[in-house]
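> Got a predicted model here, sequence first, then my questions.
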There are 4 protein chains.
Amino acid sequence: MLRLGLVGCGAIAHTHTANIVNKLKGAQITFVFDVFSAAAQKIVRDYNLTAKIASSIDELVNSEEVDAVLVCSRNDAHVEPILAAIKAHKPVFSEKPLATTYEDCQKIVAAEIEENQRFLQVGFMRRYDPFYQQLKQTIDGGKIGKPLMGYCRHFTAEPATNYFETPNMINDAFIHEIDIIHWLFGDDYVSVQVQYARQNSLNKNDNLVDPQIATVKMKQGAIVNTYLTQNSQYGYDVKCQIIGEKGIAELPDMPKLEMHSVGKIYHEIDHDWTYRFEEAYQLEMQDFIDQATRHEAPTGPTAWDGLVAALTADNAVESQQSQQVVEIKLPERPVLYQ
Amino acid sequence: MLRLGLVGCGAIAHTHTANIVNKLKGAQITFVFDVFSAAAQKIVRDYNLTAKIASSIDELVNSEEVDAVLVCSRNDAHVEPILAAIKAHKPVFSEKPLATTYEDCQKIVAAEIEENQRFLQVGFMRRYDPFYQQLKQTIDGGKIGKPLMGYCRHFTAEPATNYFETPNMINDAFIHEIDIIHWLFGDDYVSVQVQYARQNSLNKNDNLVDPQIATVKMKQGAIVNTYLTQNSQYGYDVKCQIIGEKGIAELPDMPKLEMHSVGKIYHEIDHDWTYRFEEAYQLEMQDFIDQATRHEAPTGPTAWDGLVAALTADNAVESQQSQQVVEIKLPERPVLYQ
Amino acid sequence: MLRLGLVGCGAIAHTHTANIVNKLKGAQITFVFDVFSAAAQKIVRDYNLTAKIASSIDELVNSEEVDAVLVCSRNDAHVEPILAAIKAHKPVFSEKPLATTYEDCQKIVAAEIEENQRFLQVGFMRRYDPFYQQLKQTIDGGKIGKPLMGYCRHFTAEPATNYFETPNMINDAFIHEIDIIHWLFGDDYVSVQVQYARQNSLNKNDNLVDPQIATVKMKQGAIVNTYLTQNSQYGYDVKCQIIGEKGIAELPDMPKLEMHSVGKIYHEIDHDWTYRFEEAYQLEMQDFIDQATRHEAPTGPTAWDGLVAALTADNAVESQQSQQVVEIKLPERPVLYQ
Amino acid sequence: MLRLGLVGCGAIAHTHTANIVNKLKGAQITFVFDVFSAAAQKIVRDYNLTAKIASSIDELVNSEEVDAVLVCSRNDAHVEPILAAIKAHKPVFSEKPLATTYEDCQKIVAAEIEENQRFLQVGFMRRYDPFYQQLKQTIDGGKIGKPLMGYCRHFTAEPATNYFETPNMINDAFIHEIDIIHWLFGDDYVSVQVQYARQNSLNKNDNLVDPQIATVKMKQGAIVNTYLTQNSQYGYDVKCQIIGEKGIAELPDMPKLEMHSVGKIYHEIDHDWTYRFEEAYQLEMQDFIDQATRHEAPTGPTAWDGLVAALTADNAVESQQSQQVVEIKLPERPVLYQ
Ligand SMILES: [Mg+2]
Ligand SMILES: [Mg+2]
Ligand SMILES: [Mg+2]
Ligand SMILES: [Mg+2]
């Protein structure tokens, strides 16, 4: 039974804890920490955990009762427990984004290179979604030839929160496509551009430009457009269509009953994201647990993937200002991540 | 320019006349007849026809200004103009059903055999529908192997008229499947059974049992179930799914925009039949005109097909009474129709 | 942690054990029994179970280390451990079919009535499939009005085994629709008929009549046709379409990538059943475990459902002989199962 | 019967002539002209026309036996017969593109303004396609709210000819989207950009850059990306997806049988364009004939639409060189075309 130390006890921590307690195999949470101790106490109580409450990140990470670390704290607080875990040679799962600055990402990558070993998995759960998995295998299997172009939709019916503003469209929404597209294409980004399309008058948030189109180009020339809205009204709609040399492969709609009713042949589309990636959240964590249990490095998104996402997102936010193409100056990929 | 004599000037005559005037090539209506002369006058006026009004069927059929005959009169009045046209060796198109009694159908078949030539095309327009055509070609091309079973839906949103009663479910609805199924399978019927399913409480007509399921079996063993309702509420829905030894072929839904709206991914389905078989009505008549112009026998449904449909429908109505299987005692197919 | 005693260690026992060990929460197998002790030893070894091997069903069922019983033995050997478990007031999960004779089913029902308590869940896993669940909720929610008719396909690409013969089409295939249809319609069967359609020449098994069509009628008049083949060639295809007073609800195809390639727009269909009901097998067992842990009666298919399936299947096999309608004389539903 | 004078007797002239002779109503070709008299003789012979062969464009356009003019000559020879027809106050249908230079388009527009009347219809047939018609009506009906973004595919399986080179991707392919998109959005273009994506190694033509992505922006901010390839390999695939404030509307796939076969659920996609816009070609010409017969101005794409397309295409070809955004400096829309 893998013993997990949980850092940060907010919403996403509850999601992971619920999965670990009710759905996943082979792990238990033995230590928790939050800067607000009430939050730590609440999560222990809510899930009836037999876990201790740590008084510091250091205590938790270095406890003999902790085999691996889950980082669910505020985005700007990921870096400390991650560096501590790497130093302690303990597997660490961090929610995305890896960090809020490119410099912090570089520190984390440097720490793993220093130890000459990978310990970190970043929570880009889409890679574990069975349909993205099918898409990856279909491309890699050559079924559509080399991938040349892509078209993605990342639509939510309404903004997740009142505080979802223009940069969030990159940092909280497009960030998922940033991670998934270079993985699918097996290539690196060379530029990103964000353009504002005709604005949706149903968007109620003055600080949110909506919709936007984000365009990435890759070294081998592939171009992918991602259409982004937080105000689709009709539902939560994540699509990814990859166009190759001899065919197209596209994520399916989520399966729902086929209905005939009142002049329509239809199936429902979900209102929000809860159902769409439920399984991916479970699979990413189970894989982290299983690899840690086997004393093997994580197979999921790495610190390098986290750094790529952070840099690309920074450049995309810069492009939001200028609406121009921004070059992405990615350093050479270190040997550890090849 | 093929000169057509039109017998019967009601609703379906207007449909065909509108097509001949506005859509089809190579024919004009030069003579019209109706037992109510006002109806004859009206159709001439409505379409601005340069046509004479005949005072009898005989005058019309035998006029030197008539090359071919269209029979759109009441169902029980088809037989007279058909027999006259056959005797006059003129191509004749008759609306379905061929006649209202099996005996009349036999007379018509006998008349063609007597002349040793086929003159008649029966208005089972579905055979000209591009999708039924694709289905026929797919089966005949062996793409699904030999056809073994079938499942059909013949649904209308609401009854065509207040006078649509239980036997109409056979004579006006299922009659189309009767004609199409033996054509698709290339086989003859051996039995038919009609069963009443759980009744639809939204059906307002006390004289209409709705829904019904009609089952036909063929000589080579194939079984096809047709689900029949005049109260689908949701729309007009004609489907035909043929299951073969190694695959299934099925009519597509009619093409409509793919929509995402208010929690649904949908396309519309037509409320009634006007759109669905519009093209088939034009194609059947154009083919009749073209064959007549070439002085060749019609290629569409024959008098024999009309007789098969009449006998099978009679047996189906008999089965409505008993709910039991009724054997279909079809005479041997005459050489003229092989 | 619920302690399970496993009776019968064959193929389906391995499926359930793998799930309990690798996927499900809250249970462990503490005791196993098989008439072939080598099979018992093998399952303990294969899954590294910390389980004892019982020398008799009685020892296993009555052990203080067993909280609930799983019955995966041969179909004709289900009855003994089930009756023992009921007597011992222990929750018991039995693979379908409940028993191989109607009399044994009656004994089991009588045993529960004697104890005035339900302990048994029968392994009709389809009820736990998320799409059948959606279908049930959609019908019960009134979205299509009262259900009137149904059309089902139960197709496998090829026979599961060389020993799959004509009666297996009922006992191993149609049995699933028998259980699911009366559950979906909330009604009881009054008759069943099995008809042989045109035979598939690609069927290599002389003792298997293929395809067949099974028709059930229910008290309130609903009729459902199930098309059955073990030789679809093209894939594993389980569909269920329910036609109500104002609409249709139908199981979706399993989600696969939407592909454009070589002249086709397509998605793949599975070759066999392994993927289709994987989740249902897990959900049925998790629910059994959870209910047993709460000391509550199972919510899944009951002994009465098992008896209904057994009687209906017997009548269907009888109909295979005669090809005629066979009346189903179901006793009144006992209060315990209402 | 409208008497048509045909200028230019090449491939597209044959298409229109075949339609006029075999499919359309109310017109006959009475005069033909081609700079190669053999071509003129051939079309008369091929369709058995009772038409005279003109010795000059002037003779044809001004003949008393010509009510309206069809221009099917080489693209750079459209302008002469068009100007002649406008001067003669005769309705004129010209194949697209209107002309090969922006200056020629301006001359044509100026000529109509001079006469203060519209005579010209440009052969952008897609506007007559029933599915684009549905799309236009759906947008104008407000069903998806205001249109904000679009995504189009214009794919052919292989290049139409060996001479299909990089600029043809604009002038022969994207030109159709140029016309259709501003019509659908009811707005004017402000810029265009063409970008080369990762190149398809299956493209055999050294003078063709393939694939490309063309992006247009409109005054009200809408952005539409069109993905262009002449080497899809899999088939002819024209799609148009419009994303509005509260929904998406998208062209359907062309209807084909739904098949289950060899592990796939599929429908076929056409290999080339012949089937896709067959009906649109007929409808555009029938509408032109009907309007001319009624002595009313054409309702189809105007000279102004032709000018807009020419200017936008020129700018797009310029963008192919630089890969940069090119501003479209469209003059103010003259009153005649509002
Ligand atoms: Mg995550
Ligand atoms: Mg007809
Ligand atoms: Mg089971
Ligand atoms: Mg054109």
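Cool, got the structure. Ligands and ions are numbered 1, 2, ... in the order given.
> in which helix or strand would I find A:Glu318?
helix A:303-322 (DSSP states H and E).
> Now that helix: buried residues?
Within helix A:303-322, the residues that qualify as buried by neighbour count (16 or more other CB atoms under 10 Å in any protein chain shown) are A:303-317, A:319-320. (Each C-beta comes from the backbone N, C-alpha and C, glycine too.)
> Stretch A:113-122 now?
A:113, A:118-122.
> domains for chain A, by residue range?
As assigned by automatic domain parsing, chain A contains the domains A:2-123+A:279-301, A:130-272.
> The helix holding A:Glu318 near chain D at all?
No. Remark: helix A:303-322 sits outside contact range of chain D, by CB under 8 Å from any CB of the partner chain, the gap being at least 12.9 Å.
> wait, does that helix make contact with ligand 1?
No. Applying CB under 5 Å from the ion, one finds helix A:303-322 separated from ligand 1 by no less than 11.5 Å.
> Output the contacting helices and strands for that helix.
helix A:102-115, strand A:120-122, helix A:175-185, strand A:189-196, strand A:212-218, strand A:326-327 (3 or more CB pairs under 8 Å, 6 or more residues apart in numbering or on different chains; DSSP states H and E).
> Please produce TSV containing those, extended by distance to B:Gly244.
Shown next, in TSV, are the helices and strands packed on helix A:303-322 (distance: least, CB to CB, whole Å):
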stretch	distance to B:Gly244
helix A:102-115	58
strand A:120-122	49
helix A:175-185	38
strand A:189-196	49
strand A:212-218	45
strand A:326-327	57
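> To A:Glu158, which of those lies closest?
Among the helices and strands packed on helix A:303-322, the nearest to A:Glu158 by CB to CB is strand A:212-218 (16.0 Å).
> contacts for that closest one?
A:169-170, A:174, A:177-178, A:181-182, A:185, A:187-197, A:223-229, A:312, A:316, A:320, D:149, D:198, D:223, D:225 (CB atoms under 8 Å, 6 or more residues apart in numbering or on different chains).
> which of these count as buried?
Buried among those by 16+ other CB under 10 Å: A:169-170, A:174, A:177-178, A:181-182, A:185, A:187, A:189-197, A:223-229, A:312, A:316, A:320, D:149, D:198, D:223, D:225.
> List the contacts of A:Glu245.
So A:Glu245 contacts A:144-146, A:148, D:200-202, D:231, D:233 (CB under 8 Å, 6+ apart).
> try it again with 7 Å
A:Glu245 is in contact with A:145-146, A:148, D:200-202, counting by CB atoms under 7 Å, 6 or more residues apart in numbering or on different chains.
> Quick check, central residue of chain A?
A:Phe124 (2.6 Å; CA atoms, centre = their mean).
> Would you check that that residue makes contact with A:Thr302?
No. Applying CB atoms under 7 Å as the test, A:Phe124 and A:Thr302 come out as separate, 10.0 Å apart.
> before we move on, back to that, format the contacts of A:Glu245 as JSON lines; extra columns: pLDDT.
Output for those, formatted as JSON lines (pLDDT from 0 to 100):
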{"residue": "A:Gly145", "pLDDT": "98"}
{"residue": "A:Lys146", "pLDDT": "98"}
{"residue": "A:Leu148", "pLDDT": "98"}
{"residue": "D:Asn200", "pLDDT": "98"}
{"residue": "D:Ser201", "pLDDT": "98"}
{"residue": "D:Leu202", "pLDDT": "98"}
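> ok, these vs chain C, which is closest?
A:Gly145 (9.6 Å; CB to the nearest CB).
> mind checking the SS state of that closest one?
coil (DSSP: H, G, I helix; E, B strand; the rest coil).
> Give me the pLDDT value at A:Lys219.
pLDDT recorded at A:Lys219 is 98.
> What distance do you get for it to chain B?
34 Å (CB to the nearest CB, to the nearest Å).
> ok, A:Ala77 to chain C distance?
For A:Ala77, the distance to chain C - CB to the nearest CB - is 31 Å.
> residues near that residue, how many?
A count of neighbours around A:Ala77, defined by other CB atoms under 10 Å in any protein chain shown, yields 17.
> Would you state the helices of chain A in chain order?
A:11-22, A:37-46, A:57-62, A:79-87, A:102-115, A:130-140, A:168, A:175-185, A:278-293, A:303-322 (DSSP state H).
> Using CSV, lay out these together with mean pLDDT.
Shown next, in CSV, are the helices of chain A (pLDDT from 0 to 100):
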stretch, mean pLDDT
helix A:11-22, 97
helix A:37-46, 98
helix A:57-62, 98
helix A:79-87, 98
helix A:102-115, 98
helix A:130-140, 98
helix A:168, 96
helix A:175-185, 98
helix A:278-293, 98
helix A:303-322, 98
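> looking at those helices, which is closest to D:Asp76?
helix A:303-322 (41.4 Å).
> what is the orientation angle of that closest one with helix A:79-87?
160 degrees (axes from the mean of the first three to the mean of the last three CA atoms, to 10 degrees).
> angle of helix A:303-322 against strand A:189-196?
Using the same axes, to 10 degrees: helix A:303-322 against strand A:189-196 is 40 degrees.
> Touching helix A:303-322 from outside, list them.
With CB under 7 Å, 6+ apart, helix A:303-322 has contacts from A:97-99, A:102, A:105-106, A:108-109, A:112, A:120, A:122, A:124, A:166-167, A:170-171, A:174-175, A:178-179, A:182, A:189, A:192-194, A:214, A:326, A:328, A:330, A:333-334, A:337.
> let's see 6 Å
By CB atoms under 6 Å, 6 or more residues apart in numbering or on different chains, the residues outside helix A:303-322 that reach it are A:97-98, A:102, A:105, A:108-109, A:112, A:120, A:122, A:167, A:170-171, A:175, A:178-179, A:189, A:192-194, A:326, A:328, A:337.
> and A:Thr101, how many residues sit next to it?
So A:Thr101, with other CB under 10 Å, has 14 neighbours.
> Not counting sequence-adjacent ones, nearest residue to it?
A:Ala310 (7.5 Å; CB to CB, 6 or more residues apart in numbering or on different chains).
> Same question for A:Leu98.
Nearest non-adjacent residue to A:Leu98 (CB to CB, 6+ apart): A:Gly306, at 2.8 Å.
> next one: A:Asp129
That would be A:Ala280: by CB to CB, 6+ apart, it lies 4.1 Å from A:Asp129.
> Buried ones in stretch A:157-172, by neighbour count?
A:157-159, A:164-172.
> so which of these comes closest to A:Pro81?
A:Asn171 (20.4 Å).
> show me what contacts the closest one?
Per CB under 6 Å, 6+ apart, neighbours of A:Asn171: A:Ala313.
> Tell me the residues of the stretch 151-300 of chain A that contact chain D?
In this structure, the stretch 151-300 of chain A approaches chain D at residues A:151, A:197-198, A:200, A:202, A:211, A:213, A:220-223, A:225, A:227, A:233-234, A:245-247, judged by CB under 6 Å from any CB of the partner chain.
> Show me the residues you listed that map onto strands.
Per DSSP state E, strands hold the following members of these: A:151, A:213, A:223, A:225, A:227, A:247.
> Chain B: which of those residues is nearest?
Once CB to the nearest CB is applied, the member of these that ends up nearest chain B is A:Tyr227, at 12.4 Å.
> Am I right that the closest one is in contact with A:His154?
No. Between A:Tyr227 and A:His154 there is no contact, the gap being 7.3 Å when judged by CB atoms under 6 Å.
> And the residue nearest to the centre of chain A, how close does it get to chain D?
On the measure of CB to the nearest CB, A:Phe124 and chain D end up 24 Å apart.
> list the contacts for that residue?
With CB under 6 Å, 6+ apart, A:Phe124 has these contacts: A:96, A:179, A:301.
> Kindly reformat those as JSON lines containing neighbour count.
Listed next are the contacts of A:Phe124 as JSON lines, based on neighbours: other CB atoms under 10 Å in any protein chain shown:
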{"residue": "A:Lys96", "neighbour count": "23"}
{"residue": "A:Asp179", "neighbour count": "25"}
{"residue": "A:Pro301", "neighbour count": "26"}
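> ok, so of those, who is nearest chain B?
Distances from chain B to the contacts of A:Phe124, taken by CB to the nearest CB, are shortest for A:Asp179, at 25.1 Å.
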